[in-house]
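Novice: Test case, fold it:
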Amino acid sequence: MSIDERRTQTSSLPDPFVPTRLSLRERLGRPKISVILSVVWLLIVIAWAIIPQAFTPLDPIAGNATQAQQPPSLDHLFGTDATGRDMFTRVVYGAINSLSGALIAVSVGFVIGTAIGVIAGSSRRLVDDILMRIVDVFLAIPSLLLSLSIIILLGFGTAQAAIAVGFTSVAAFARLSRSEVVRVRGSDYVEAAFASGGRFFVVLWRHVLPNSLTAVLALAALQFGTAVLSISTLGFLGYGAPPPTPEWGLMIAEGRNYIATAWWLTTLPGAVVVLVVLAANRLSAAIAAKGRIR
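Specialist: Below you'll find the model as predicted:
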């Protein structure tokens, strides 16, 4: 074999020191069935909130005393409550209150917390220490106690409960975003951007923030499920929407007095809440796993 033939054969072999360029589909692989089911379920619940009339023609407020406490059937998928109201209809119409409240809560925590974390991670040590000590104070307060304290100041209602839940997640967003900004700032490409004459805010906007938000978005998806659970908890305690508003936590609270004779009043709305939380958590894990792939 000639020298030219050997060079040609050697050059055709893959270089172990050169990274192989893979497509996005090859890097991520096939989506798992649990992720697909989670996305489908969340889309169904979002559709409940947007167009509830497409899923049920009944009124969530009006009841029929002759059909009180009917068990689940084809006519009433989730049964009826003590006043004859269709529980499936109330669960469908209650999605707008719970999901909008969770969206407000996540938005409050994401915007305020990420802003604090970015400022702390990109500022000098004094500013970083002051902001992080304030965050530590909020982390030391139990979230439920902090939520109740804020609700007492703002008043009762779904929006107030959402804002209160959002403030309890500010510290978590601030901590995570600050650590991600510090990690990315120490990267070689960021140092090269500064060394080439890049301005601080330009480098921060173009290089640091885009590479720091993957983990924060995963936390936002996780906090969405947590916010749904927290708002339902506050509604169960009576700090959310007033009756007869269809709200998941309130429906569970109203049905707890009939759990021995009408188990579906608490079990089925509670199952919907649990499934939404699990789906959001699974989607959060998928986003986090995507961020770890290089």
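Novice: Measure how buried Ile287 is and give me the count.
Specialist: Per other C-beta atoms under 10 Å, the neighbour tally for Ile287 reads 18. Placement of C-beta: from N, CA and C, glycine included.
Novice: Who are the contact partners of it?
Specialist: Neighbouring residues of Ile287 by C-beta atoms under 8 Å, 6 or more residues apart in numbering: 214, 217-218, 221.
Novice: The residues you listed in strands, which ones?
Specialist: Using DSSP state E to define strands, no part of those is located there.
Novice: Pull out the buried members of the residues you listed.
Specialist: 218, 221 (16 or more other C-beta atoms under 10 Å).
Novice: Tabulate the contacts of Ile287 in TSV, adding columns for pLDDT and distance to Ala262.
Specialist: Putting the contacts of Ile287 into TSV (pLDDT from 0 to 100; distance: C-beta to C-beta, whole Å) gives the following:
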residue	pLDDT	distance to Ala262
Thr214	78	45
Leu217	84	41
Ala218	81	39
Ala221	83	34
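Novice: Going by distance to Ala140, which of the contacts of Ile287 wins?
Specialist: Nearest to Ala140 among those: Ala218, at 24.3 Å, using C-beta to C-beta.
Novice: Out of the contacts of Ile287, which comes closest to Gly101?
Specialist: Of all these, Gly101 sits closest to Ala221, with 16.2 Å by C-beta to C-beta.
Novice: excluding its backbone neighbours, what's nearest the closest one?
Specialist: Among residues not flanking Ala221 along the chain, Ser284 sits closest, at 3.7 Å (C-beta to C-beta, 6 or more residues apart in numbering).
Novice: Please tabulate the contacts of Ile287 in TSV, including the columns distance to Arg178.
Specialist: As requested, those are exported to TSV (distance: C-beta to C-beta, whole Å):
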residue	distance to Arg178
Thr214	15
Leu217	16
Ala218	16
Ala221	19
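Novice: Nearest to Trp41 among the contacts of Ile287?
Specialist: Ala221 (13.7 Å).
Novice: what's the distance between the host helix or strand of Phe88 and the middle of its chain?
Specialist: Counting by DSSP states H and E, the element that carries Phe88 is helix 87-122. Centre-to-centre, helix 87-122 and its host chain are 7 Å apart (C-alpha atoms, centre = their mean, to the nearest Å).
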